[in-house]
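Chemist: Predicted structure and sequence below. I'll ask about it afterward.
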Amino acid sequence: MADHKAAKPPVWYWIVAVLSTLWSCAGCAAYYMQVSMTAADLGKLPPAQQEIWGMMPAWVTAAYAIAVWVGLAGSLSLLARKVWARPLFIISLIAVLVQFGWTFFGSPILKTVGPAGSIPFPAVIILIAIALVWFSGFATRRGWLR
């Protein structure tokens, strides 16, 4: 009985799990909005963004899908207190790195949009993905995930 109580996560665990789920839902919504854009929607984007989206290979879009949907599965796993949250977050992180690897090294975004306009938000996404890998490992070591 004492071991069961020791494995009970603190309130802040649940706060992180809920915030992670909300973040993941926002990522899934952003993915859906991107892949469901019509030609008219694309035409409303700045020319530099139109160029980058037009040259984006299908495998980058697939990496984006994996990043957000597997990340959502990881977040839901935190809510369910399942140990497979960490492997899911690792897969999501790898997909994020693949996606942004192409964005920064395979597209002209740094030239057309510039570092100040293109790096901050992806950097936040990468840092959050790393933090979720760490957090899920921490929760596993604490016995909060089973």
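Modeler: Right, received. Where do you want to start?
Chemist: going forward, measure contacts and count neighbours with C-alpha atoms only.
Modeler: OK.
Chemist: which element follows the helix or strand of the chain with the lowest mean pLDDT toward the C-terminus?
Modeler: Least confident element among the helices and strands of the chain, by mean pLDDT, DSSP states H and E: helix 2-6 (a mean of 49). Taking DSSP states H and E as the definition, the helix or strand that follows helix 2-6 towards the C-terminus is helix 11-35.
Chemist: Other residues contacting the helix or strand following that next one?
Modeler: In the C-terminal direction, the helix or strand that comes right after helix 11-35 (DSSP H and E) is helix 39-43. Residues from elsewhere that reach helix 39-43, judged by CA atoms under 8 Å, 6 or more residues apart in numbering: residue 50.
Chemist: Tell me the predicted confidence for residue 7.
Modeler: pLDDT, the model's per-residue confidence, is 86 for residue 7.
Chemist: Then the one 10 residues further on?
Modeler: Taken from the predicted model, the pLDDT recorded for residue 17 is 98.
Chemist: Quick check: closest non-adjacent residue to residue 137.
Modeler: Distances taken as CA to CA, 6 or more residues apart in numbering put residue 86 closest to residue 137, at 6.0 Å, once the chain neighbours are dropped.
Chemist: these two touch, right, the one you found and residue 133?
Modeler: Yes. Using CA atoms under 8 Å as the test, residue 86 is close enough to residue 133 to be in contact (5.6 Å).
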